[in-house]
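Q: I would like the atomic coordinates for the input below:
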Amino acid sequence: MFSIKFDKKRNLLTITFRDHFDIQQGELLCKRLEDCLLKAKKNFMVLTDLSDLDSFDNSAQQYIQQMMTICNKYGVSKIFRIIPDEAKDMGFNIMSIFHYSKHVKIHTYKTFEEAKYYIRINTNITFLEKILAALNILKIKTADISKHAVFRVLVIVCGFVVLIILRQTFKAFGISLGYLYITLIALAGFWFEIKGGLAAALIAFIVFVAEVNLFNAWADRNIVVKTIFLRFAIYFLSGIVIGYLAKSEKKIQKKLEFLAGHDELTGALNLKFTLMLLKKEFERSKRYKENFTIAIVDIDNFKSINDTRGHLIGNEALKTFSDIIKNSLRETDMIGRYGGDEFLLMFPESTCEQGASVLTRVKTALSTIKITSPFLLDKGHVSLTFSAGLAAYSSDNTPSVNSLIDNADKALYRAKKEGKNRILVYEKNN
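A: Below is the predicted model:
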C-alpha cells in the first residue's frame, strides 16, 4: 500500500510506502503520480518514505522505474529517501542510477526527522530558520555518532589528555581536577558498564600516581599523597557503581522490550503480537499464493493439573511445554500464547503435512519429559500430552484470518472429542 500527496507551497511530493508493494499498487501509483505532478513547478522535490515497507514484489519493479521516469519528465531536482534498512537501500540505489537523470541529487536518511530538516534547508525559508534546521541536523548526527564505541573511546581518551594538559598548565595539585577525573570514569561506566568504569578508574589512578612521582615541587603535593588511597577507592567505586547501574538499566530496557511482544511466563509471543504476525503472514500467503499452515495446540487435562497439583505446577507445565515446542520449531516457524494453555503455531510456506511433522517431533520429545518440582507434595511427577488442530490457507475455504483460526479450532475440537493426545488436520467435510 502507499499514500501520495503534493505540497504546493514547498513544491514537495511525498510518497509513503506501507506493508507491501505489488503490481496493483504500482499501476495506481503511476496514475496518481501523473495527476499530482500536473500541479508541480519545475525543480520539485520528492520525499520517499520506505520505513514501513515490509515486502517489495519484484514484479512491481517496472512501476518503480516508471515512477522515476515520470518524475524526470516533470523536472525533479532532489530526492529525499528514508530507508532504515540497508537491504532495501541497495535495490533502490541500483534503480536510481539507471532511471533518474544525472542532475538529480539523491539523499538517503534513516529517519523522517532528519529528512524533514534537510528539506526545510532546501525550501524558501529565512536565514535564521535555516540555521535552526542545520543545528537540529547536527544534533541528530551527533546523537547517531555518539552511539559508536570508537567515538566514545575517543571522547574518554581526549578527556584524559585535556585534564593532563590542564594539570601541567597550573602546575599544582590543589585545583579540583579530581572531580573531572571522576566525571570521565562515570561516563566510561555509563557507556561501557563495569569493565569500562574500572578501566577508566585504572587509567586515572596511573596518571595521578605518575604525576605525584614526577612533579615533587608542585604545590599541595604532600597533602594529596596522604589521600592517595582514598582517591584510589573513590575512583574504583565510582567506576563499579556507575557501571553496575548502567548494566542494570540496559537489562531492564531489554526486558521491557521483550515483554512488549512476549508472554513473561512461557517466552512465547503474546496474543497481540501473535495476531498481528498471523495477519501479516496470511496476507502475504494470499498475495503470493504460497502455502501457510497454522496449528492450535492445547495441553490435555490442564485444568485437572491445576486443580489437583496446584497452579505452580500448572505454570511449570506451561513453561516446559512451550520450551519443547520452541526447540522443535524450524527457524521460520513461530509460536504465540493464544490463551490459557493454548498456543498458536505458524508455519509459513508449509503444508499441513509439514506442520504435522513438526508437531510429531514435539509429541516425541514431550513423551520423554517428566515434570518434577519441590511443590509436588507427593514427590511424584507430572507427564504431559497435547492435542492439536491444523489448518492451511486455501482460497476456497479460508477467505479471512478468522476463518483460518476457526478451521484450526474445529480440528482441535475433533482431536479432543476423539480421545485427546492426537494431531488432526481440518477437513472441510468433517
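
Q: worst-scoring helix or strand of the protein, pLDDT-wise?
A: When the helices and strands of the chain are scored by mean pLDDT, DSSP states H and E, helix 86-99 comes last with a mean of 55.

Q: Please, where are all the strands along the stretch 1-150 of the chain?
A: 2-7, 12-21, 44-56, 76-82, 105-109 (DSSP state E, counting those that start in this stretch).

Q: quick one: residue 302 and residue 341 touch, right?
A: Yes. At 4.0 Å, residue 302 and residue 341 qualify as touching, with contact defined as CB atoms under 8 Å. Glycine gets a C-beta too; all of them are placed from N, C-alpha and C.

Q: Might you list the low-confidence residue ranges for this structure?
A: Residue ranges of the chain with pLDDT under 70: 1, 19-20, 53-59, 85-99, 174-176, 374-379, 429-430.

Q: For the stretch 51-200 of the chain, which segments count as helices?
A: With helices called from DSSP state H, counting those that start in this stretch, the stretch 51-200 of the chain shows them at 61-73, 86-99, 112-121, 127-145, 149-170, 178-214.

Q: Single out the most deeply packed of those.
A: The highest average neighbour count among these, using mean count of other CB atoms under 10 Å, belongs to helix 178-214 at a mean of 19.

Q: Would you mind pulling up the elements that it packs against?
A: Contact here means 3 or more CB pairs under 8 Å, 6 or more residues apart in numbering; DSSP states H and E; on that basis helix 178-214 packs against helix 149-170, helix 221-226, helix 228-261.

Q: For residue 14, find the nearest of the ones you listed.
A: Smallest distance to residue 14 across the helices and strands packed on helix 178-214 (CB to CB): 29.6 Å, for helix 228-261.

Q: Show the subsequent helix or strand relative to that closest one.
A: Using DSSP states H and E, the helix or strand that follows helix 228-261 towards the C-terminus is helix 271-288.

Q: and the helix or strand following that next one, how far from the chain's centre?
A: Of the helices and strands lying after helix 271-288 in sequence (DSSP H and E), the nearest is strand 292-299. Its chain's average C-alpha position is 26 Å from that of strand 292-299, according to CA atoms, centre = their mean, to the nearest Å.

Q: For strand 292-299, enumerate the helices and strands it packs against.
A: Packing partners of strand 292-299 (3+ CB pairs under 8 Å, 6+ apart): helix 271-288, helix 311-328, strand 342-348, helix 352-367, strand 386-392, helix 401-417.

Q: Dump the helices and strands packed on helix 178-214 into TSV; add distance to residue 120 as well.
A: Below are the helices and strands packed on helix 178-214 laid out as TSV (distance: least, CB to CB, whole Å):
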stretch	distance to residue 120
helix 149-170	27
helix 221-226	53
helix 228-261	32
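
Q: Quick one: closest of those to residue 8.
A: Across the helices and strands packed on helix 178-214, residue 8 has its closest neighbour in helix 228-261 (40.4 Å, CB to CB).

Q: tell me what the closest one is packed against?
A: Judged by 3+ CB pairs under 8 Å, 6+ apart, helix 228-261 is in contact with helix 178-214.

Q: Try it again at 10 Å.
A: helix 178-214, helix 221-226, helix 271-288 (3 or more CB pairs under 10 Å, 6 or more residues apart in numbering; DSSP states H and E).

Q: in that helix, what counts as buried?
A: 231-232, 234-236, 238-240, 242-243, 245-247 (16 or more other CB atoms under 10 Å).

Q: Please apply the same query to stretch 2-20.
A: Buried residues in stretch 2-20, counting neighbours by 16+ other CB under 10 Å, are found at 2, 4, 6-7, 10-17, 19-20.

Q: any shared contact partners between residue 302 and residue 341?
A: 314, 317-318, 321, 384, 386 (CB atoms under 10 Å, 6 or more residues apart in numbering).

Q: Could you save those as a markdown table and add columns showing neighbour count and distance to residue 186?
A: Below are the shared contacts of residue 302 and residue 341 laid out as a markdown table (neighbours: other CB atoms under 10 Å; distance: CB to CB, whole Å):
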| residue | neighbour count | distance to residue 186 |
| --- | --- | --- |
| 314 | 21 | 46 |
| 317 | 22 | 47 |
| 318 | 23 | 43 |
| 321 | 24 | 46 |
| 384 | 21 | 51 |
| 386 | 25 | 52 |
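
Q: Great, nothing more from me.
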